[in-house]
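> With the input below, show me the fold.
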Amino acid sequence: YSDRTATLTLSANENTSISTTITVTQAVEEPILNVTASSLEIGCSMSNLNTLILNSNTGWTITKPADCTWFSLNKTSGSNGITLIVTASSNNTGCDKRSGAFTISTTDITPAKTVTVSVSQQNTTHSLNVNQTQLTLSGNSNTTTSFNISSDISWEISKPSDCDWLTLGTTSGTGNATATVTSISRNTTGADRTASITITPSCANIQSRTVTITQQTFVPYINVYKNDILPSYVNGTTKIGFTSNTDWTVEESCDWFEVNKTSGTGDGEITLTATSTNSSKANRQGTLTLKSQGMSDQSYNIIQEYAYLNTSAPSPQQIGMDVGCTGQFSVFSSTQWTITNIPSWCTLSSTSGSGNGYIIITTTEANSTGAPRSADITLSGVGVDSKTVTIVQGYTNSTSSIDAGITSTSISPDSNQPGKRQINATIK
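Numbers count the residues shown, from 1 in each chain. Below you'll find the model as predicted:
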């Protein structure tokens with residue numbers, strides 16, 4: 001760019017020797033290249049934009065660094081003034097603003113004139129919160145509690161280096177999550193103990209959060225909720241059930257029962273088995289003791305009832321003469337029992353059992369012997385004397401022929417002689 005000149009020559013038409021020269025100079029126009037703002041800020045979201053005015057009367061181009069891909073311009077070259085639009089190409093999900101720039105340079109001037117415009121994009125507003133700041137663990141080991149983290153960024157969880165009694169379920173993550181905390185040892189210090197865990201966000205401008213964990217002092221317990229009487233007979237069983245939060249051992253005081261386990265942890269159920277029958281005439285008593293460190297021994301009475309066997313059967317037990325006639329009696333017992341010596345002409349609803357029972361006798365054939373028949377069945381029990389139940393079945397008494405003078409007959413039970421029948425006849 002420089003001034004430019006031109007020469008004008010004036011000559012007379014009739015006398016060409018007469019002329020004059022006029023020099024015309026055009027001053028150069030100064031190139032213009034400027035902007036209305038040297039910096040712009042755009043919002044954090046993609047498509048947010050801002051504008052500035054580019055004033056120019058010459059050619060220009062715009063360049064930006066290769067790593068500034070997060071914004072774009074509506075024009076990158078021209079030859080006059082224009083409104084430049086700067087648009088965000090992506091969301092700024094980082095913790096801080098991000099910055100870049102672009103440069104406008106003339107193309108028709110040597111040396112080139114340049115203007116630099118700085119561009120910044122706001123950062124997203126991030127957050128980190130927890131739903132609880134105080135949590136409590138029981139005094140036992142392996143107890144767990146949890147809290148919720150609400151966040152849109154990544155975070156880390158840490159605990160004090162000297163806190164060896166709890167463990168973290170997770171130590172890092174991104175976004176929302178549920179974090180667990182578990183005790184790894186019992187608190188046997190005699191007092192509650194605490195530790196503060198810290199949730200640190202990845203953005204330094206976001207406040208960390210603290211959750212205080214309290215582990216209560218450990219108080220062991222054993223509570224029995226079931227303690228039934230042990231049956232009188234050998235191999236009879238009962239159970240002791242209990243709730244507990246601790247380790248325990250079992251001790252027994254006598255030799256007439258045994259237990260299926262001698263130690264355990266937490267809730268339990270112990271099966272007691274009689275090793276001998278109580279043949280005495282009174283219940284006998286023993287002791288089972290549950291022990292645990294840090295608490296008094298828990299002793300419980302174990303009672304084995306004495307063996308007995310009785311029946312409600314009348315003597316004798318009368319049964320009808322026909323097939324399907326029935327009788328019944330009850331068994332009262334604390335032991336195992338069996339019934340033997342059952343005759344072929346009847347069946348029993350049960351021939352063995354333990355404890356009380358109810359027996360139904362059913363005839364399987366009619367008694368046509370002409371006389372009552374009986375059988376002594378034997379009721380035997382473990383550790384007790386046997387009992388005898390006598391069964392008597394009535395009989396049928398009828399003739400096979402009737403004199404010709406009898407014109408009609410009927411047969412009916414004889415009320416005076418149970419188990420017999422009487423014949424009524426009409427004679428002309």
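> could you check the distance from Pro314 over to Val392?
10 Å (Cβ to Cβ, to the nearest Å). Where C-beta positions appear, they are placed from N, C-alpha and C, glycine not excepted.
> cool, Ser368 as well?
Distance from Ser368 to Val392, by Cβ to Cβ: 16 Å.
> Who has more neighbours out of these two?
Val392 (18 against 10; other Cβ atoms under 10 Å).
> Not counting the host helix or strand of the more buried one itself, show me its contacts.
Following DSSP states H and E, one finds Val392 within strand 387-393. Strand 387-393 is contacted from outside by 309-311, 313, 315-321, 325, 327, 329, 343, 345-346, 361, 363, 367, 372-380, 419, using Cβ atoms under 8 Å, 6 or more residues apart in numbering.
> again, only using 7 Å
The contact list for strand 387-393 (Cβ atoms under 7 Å, 6 or more residues apart in numbering) reads 309, 311, 313, 315-319, 321, 329, 345-346, 361, 363, 367, 372-379.
> Please, a PyMOL command that selects the buried ones among these?
Only the buried members of the contacts of strand 387-393 end up in this PyMOL selection, burial being decided by 16 or more other Cβ atoms under 10 Å:
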select buried, resi 309+311+313+317+318+319+321+329+345+346+361+363+367+372+375+377+379
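> Show me where the stretch 51-200 of the chain has its strands.
When assigned using DSSP state E, counting those that start in this stretch, the strands of the stretch 51-200 of the chain occupy the ranges 60-63, 71-73, 77-78, 82-88, 98-106, 114-121, 128-130, 134-137, 144-151, 154-158, 166-168, 172-174, 177-183, 193-201.
> do the stretch 301-428 of the chain as well
Using DSSP E, counting those that start in this stretch, strands in the stretch 301-428 of the chain cover 309-311, 317-319, 326-333, 336-340, 346-348, 352-354, 357-363, 373-381, 387-393, 406-413, 421-427.
> what's the closest of the ones you listed to Val117?
strand 352-354 (100.4 Å; Cβ to Cβ).
> which non-adjacent residue is nearest Thr116?
Thr103 (5.0 Å; Cβ to Cβ, 6 or more residues apart in numbering).
> ok so, going back, so can I have a markdown table of the strands of the stretch 51-200 of the chain showing mean neighbour count, mean pLDDT and distance to Lys281?
What follows is these, written out as a markdown table (neighbours: other Cβ atoms under 10 Å; pLDDT from 0 to 100; distance: least, Cβ to Cβ, whole Å):
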| stretch | mean neighbour count | mean pLDDT | distance to Lys281 |
| --- | --- | --- | --- |
| strand 60-63 | 18 | 94 | 114 |
| strand 71-73 | 17 | 96 | 103 |
| strand 77-78 | 15 | 92 | 119 |
| strand 82-88 | 17 | 96 | 99 |
| strand 98-106 | 17 | 94 | 97 |
| strand 114-121 | 18 | 95 | 98 |
| strand 128-130 | 16 | 97 | 70 |
| strand 134-137 | 15 | 97 | 55 |
| strand 144-151 | 17 | 96 | 55 |
| strand 154-158 | 17 | 97 | 70 |
| strand 166-168 | 17 | 96 | 60 |
| strand 172-174 | 13 | 96 | 73 |
| strand 177-183 | 17 | 97 | 55 |
| strand 193-201 | 17 | 96 | 58 |
